[in-house]
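In: Fold the following, please.
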Amino acid sequence: QLVESGGGSVQAGGSLRLSCSASRLRACMAWFRQAPGKEREGVAAIYYTGGTNYADSVKGRFTISKDNDKNTPYLQMNSLKPEDTALYYCAARFAFGGCGISNSNSYDDWGRGTQVTVS
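Out: Next comes the predicted model:
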């Protein structure tokens with residue numbers, strides 16, 4: 001089970017840190033987001049080795065990390081923009097062999113999401 005937290009409303013340029021409470025960390029842990037009227041898109045992912053993958057739109061602003069002892073992945077979001085407004089989901093992929101974010105169907109478990117609003 002994945003439970004996201006840390007969302008909220010901030011002004012442009014502000015920061016938020018999202019957390020995802022997990023019973024265990026899987027091969028790949030990722031963050032996706034979905035804005036109203038838009039398709040779900042991958043934001044960032046972290047492999048069990050620590051390797052990371054980011055969407056071009058968030059590179060240099062967002063950082064994904066994980067605490068293996070707490071079974072918790074994080075998404076630090078800085079320099080937030082209004083276009084970052086979306087429902088953010090934590091996702092887990094059980095299979096090894098990569099940590100892409102282009103195909104949400106490759107992920108096996110999902111949280112319910114936490115809302116991020118940037119004005």
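
In: Can you show me the strands along this structure?
Out: With DSSP state E as the criterion, the chain has strands at 2-5, 8-10, 16-22, 28-34, 41-47, 52-54, 62-67, 72-77, 86-93, 109-110, 114-118.

In: Kindly calculate the angle that the last one makes with strand 72-77.
Out: Pointing back at strand 114-118 there. 10 degrees (axes from the mean of the first three to the mean of the last three Cα atoms, to 10 degrees).

In: quick revisit: pick the most deeply packed of the strands of the chain.
Out: Neighbour counts (mean count of other Cβ atoms under 10 Å) averaged over each of these peak at strand 28-34, with a mean of 25. Yep, even glycine has a C-beta here, placed from its N, CA and C like the rest.

In: Determine how far that one lies from the middle of the whole chain.
Out: 4 Å (Cα atoms, centre = their mean, to the nearest Å).

In: just stretch 30-50 next, same as before
Out: 5 Å.

In: Contacts for stretch 60-78 next, please.
Out: Identification of contacts with stretch 60-78 by Cβ atoms under 8 Å, 6 or more residues apart in numbering yields 15-25, 29-31, 43-46, 50, 52, 54, 58, 79-80, 84, 88, 90, 116.

In: Is the one residue sitting closest to the centre of the chain bridged to anything, and to what?
Out: Nearest to the geometric centre of the chain sits Trp31, at 2.0 Å (Cα atoms, centre = their mean). In this entry, Trp31 is beta-bridged to Ala44, Cys90, by DSSP bridges.
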